[in-house]
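>>> what follows is a predicted structure for the sequence shown.
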Amino acid sequence: MISDIKLVRHILEFNGFKEIFGNRNTSWCLFWGNNNFKSDVYEVMTKYQKCNHFPKTSEITHKDLMYNRMAGMLTKHGAKHYGFTPKTFVLP
């Protein structure tokens, strides 16, 4: 069985992608990583460059953090726009 990381590498290499190292100013089209990147990566990206992580995505992928954001938007904009948020409970 191929691990997830090896599978992604295999698929990319099979489709003509090659790994490059060194200077970040090198021409690249895909930046793949297992963690969020430092903000300077996003600041220098051009429109044709892609990455697999986006800033602050943990705010919507963790249910507790997403609920906190939704509750804040409900308070700020009212139930007319954010009344669809279900009651949420934190279990011990």
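Noted; the coordinates are in hand. Numbering: from 1, shown residues only.

>>> going forward, measure contacts between C-alpha atoms and count neighbours the same way
Noted.

>>> Phe37 and Lys56, how far apart?
When distances are taken as CA to CA, to the nearest Å, Phe37 and Lys56 turn out to be 11 Å apart.

>>> domains of this protein: list them as residue ranges, please.
With automatic domain parsing as the criterion, the domains of the chain are listed as 4-51, 55-85.

>>> just to revisit the earlier point, higher neighbour count, Phe37 and Lys56?
Between Phe37 and Lys56, counted using other CA atoms under 10 Å, Phe37 has the larger neighbour count: 16 against 9.

>>> how about the nearest residue to that one, chain neighbours excluded?
Counting by CA to CA, 6 or more residues apart in numbering, the nearest residue to Phe37 once its immediate chain neighbours are dropped is His53, at 7.2 Å.

>>> Asn36 now?
Taking CA to CA, 6+ apart, and ignoring the residues beside it in sequence, Asn36 has His53 as its nearest neighbour in space, at 5.7 Å.

>>> wait, isn't that neighbour in contact with Ser39?
No - look at His53 against Ser39 with CA atoms under 8 Å: they stay out of range, at 11.3 Å.

>>> which of these two has more residues huddled nearby?
In this view His53 and Ser39 are compared by other CA under 10 Å, and His53 has more residues nearby, 16 against 10.

>>> and the gap between the more buried one and Gly33?
Using CA to CA, one obtains 8 Å as the distance from His53 to Gly33.

>>> what touches both of these two?
Residues within reach of His53 and of Gly33 at once, by CA atoms under 8 Å, 6 or more residues apart in numbering: there are none.

>>> any idea of the pLDDT on the residue nearest to Tyr67 when sequence neighbours are not counted?
If the residues on either side of it in the chain are set aside, Tyr67 comes closest to Thr88, at 7.4 Å by CA to CA, 6+ apart. Looking at Thr88, its pLDDT reads 74.
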